[in-house]
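1. model this:
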Amino acid sequence: MDTIIFLAVLSVLILVHEWGHFITAKKLGVKVEQFALGIGRKLFSFVHNGTEFRLCVFPLGGYVKMAGDERTQCKGAFDEYFSKSVGHRALIVLMGPIVNIVFAYLCFCAVFMMGYVDMDLSSKKIQAQIGEIQEGSPAQKAGLIVEDKILQIDDKKILNWPDMQDYITESKKDELIFTLERNGIEVKVPVIPKEYKQKDIFGREHATRRVGISPFKIKSAEEMVVVRYSFPQAMVKAAQELWDITLKTYKGLYEMAIGLRSAKEAMGIVGIFFVIKYASSVGFAFLLHIVGVISVSLAIFNLLPIIPLDGGHLLLLGIEKLRRKPLPAQVEDWIMRIGFGFIILLALFVFYGDFERIGLIDRLTNLWHRLIP
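-> Sure, this is the predicted structure:
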């Protein structure tokens, strides 16, 4: 089921992107010969209004094949891609990412209207009161008991459970002083935190500081904060969300470019699978929000000025507009070769990061060391 949901999400995003190219080309009078979902060998196809619609074996991409979309094969017919002006060709290229952005906006609108559980606000409603203590944990050894209310840790006032979690996780001290309310009396108890192994959404273990306590479980749906907006409010909130995600994405790319952030944070198709898997387990609204985020990211990535991405084609069109003629065929060919090479290297790097993120690299390394001492 996780794989089906992942392929469905990926297919929708690819269809949306390629539809942007397709519909713009058709409106501008360019004949579209093929509209393909997936890459590789054709599984089946049908023809409608002169366009062959294909489903291919590998659902990891798609393409729109237009008449005369290679300069050497363009015969000058009115319905060929290279017969159109630079502006019209740029619009055809640009509309793929633009439609991805519009689709993301609609996803955010739907999420804000249908309502979503605000995990931050919901978690803040959970009191810092102990509901369960793990056997043999630092809390049990220190003498903490169920129903103790945590008022303060060291000099930090504790307002809710997330406050307490954050302080323990980020603290560096060997011993923490818990100020508790127990049976109406305030007591102070020293607790020595311990590192526990915790799995993230990729299934990889990380060490985190804990004391081995849990809150009282949420007893009813009323304790969860569900946020809903009217249609006009949702439109405004969706625009703000789209703007924030776009700014954060470009900021992240800039910080990677100048070395402030590791390029390994970039997520590929494997990482996206695990994110979608996690999102689908949370609920439809959260999944739809993630679909919107991925759609924005897809648009931004495609606008990078690298061949064969849409941004690379826009760069060549911009140069053609400034020169009032295209670059020599040999120069364009070399630019495309370099661009394709860079994209292949980037894909390999991102795949490596994904495999490292899910722990596959560590497992392979350990296996190698066992086989070859």
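
2. number of nearby residues for Gly40?
-> Residue neighbour count, defined by other Cβ atoms under 10 Å, stands at 12 for Gly40. All C-beta spots, glycine's among them, are computed from the backbone N, C-alpha and C.

3. Quick one: find the helix or strand in this structure with the lowest mean pLDDT.
-> Within the chain, no helix or strand scores below helix 119-124, which has a mean of 62 by mean pLDDT, DSSP states H and E.

4. just the strands in the stretch 151-300 of the chain please.
-> With DSSP state E, counting those that start in this stretch as the criterion, the stretch 151-300 of the chain has strands at 156-157, 176-182, 185-191, 194-199, 205-210, 213-215, 226-227.

5. ok, and for the fifth one, which residues are buried?
-> When you say that, I think you mean strand 205-210. By 16 or more other Cβ atoms under 10 Å, the buried positions in strand 205-210 come out as Arg209, Arg210.

6. Likewise for the third one?
-> If you call a residue buried by 16+ other Cβ under 10 Å, then strand 185-191 has these buried ones: Val189, Val191.

7. sorry, back to before: average model confidence for the helix or strand following the least confident helix or strand of the chain?
-> Proceeding N to C from helix 119-124, the next assigned helix or strand is strand 130-133, under DSSP states H and E. Averaging pLDDT along strand 130-133 yields 90.

8. Alpha carbons only: can I get strand 130-133 in PDB?
-> What follows is strand 130-133 as a C-alpha-only set of coordinates in PDB (Å, rounded to 0.1, in the frame of the first residue of the first chain):
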ATOM      1  CA  ILE A 130       4.100  11.800  34.500                       C
ATOM      2  CA  GLY A 131       1.800   9.100  33.200                       C
ATOM      3  CA  GLU A 132       4.200   6.200  32.900                       C
ATOM      4  CA  ILE A 133       7.700   5.300  34.000                       C
END
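
9. and that strand, which strands flank it?
-> strand 213-215 (antiparallel) (DSSP bridges).

10. Go ahead and flag the most central residue of the chain.
-> Geometric centre of the chain, nearest residue: Ile294, 4.7 Å, by Cα atoms, centre = their mean.

11. Double-check it against Ile14; I have them as touching.
-> No: Ile294 is beyond contact range of Ile14, at 11.1 Å (criterion: Cβ atoms under 8 Å).

12. Touching both of those two, which residues are there?
-> Common neighbours of Ile294 and Ile14 are not found (criterion: Cβ atoms under 8 Å, 6 or more residues apart in numbering).

13. In this protein, where is pLDDT below threshold?
-> For the chain, applying pLDDT under 70 flags the ranges 117-125, 199-205, 217-225, 263, 361-362, 364, 368-369, 373.

14. quick one: the residue sitting furthest away from the middle of it from Ile133, how far?
-> Relative to the C-alpha centroid of the chain, counting by Cα atoms, centre = their mean, Ile185 is the outermost residue, at 47.8 Å. Going from Ile185 to Ile133 by Cβ to Cβ, to the nearest Å gives 19 Å.

15. Repeat that for Gly76.
-> Taking Cβ to Cβ, one finds Gly76 at 80 Å from Ile133.

16. out of those two, which sits in the busier spot?
-> Neighbours per residue, other Cβ under 10 Å: of Gly76 and Ile133, the larger number sits with Ile133, 19 against 8.

17. Spit out the contact partners of that one.
-> Shown in contact with Ile133 (Cβ under 8 Å, 6+ apart): Ala139, Gln140, Leu144, Ile145, Val146, Gly212, Ile213, Ser214.

18. hey, what's it bridged with?
-> The partner residues for Ile133, given DSSP bridges, come to Ile213.

19. what's the answer for Leu176, then?
-> Counting by DSSP bridges, the residues bridging with Leu176 are Val191.
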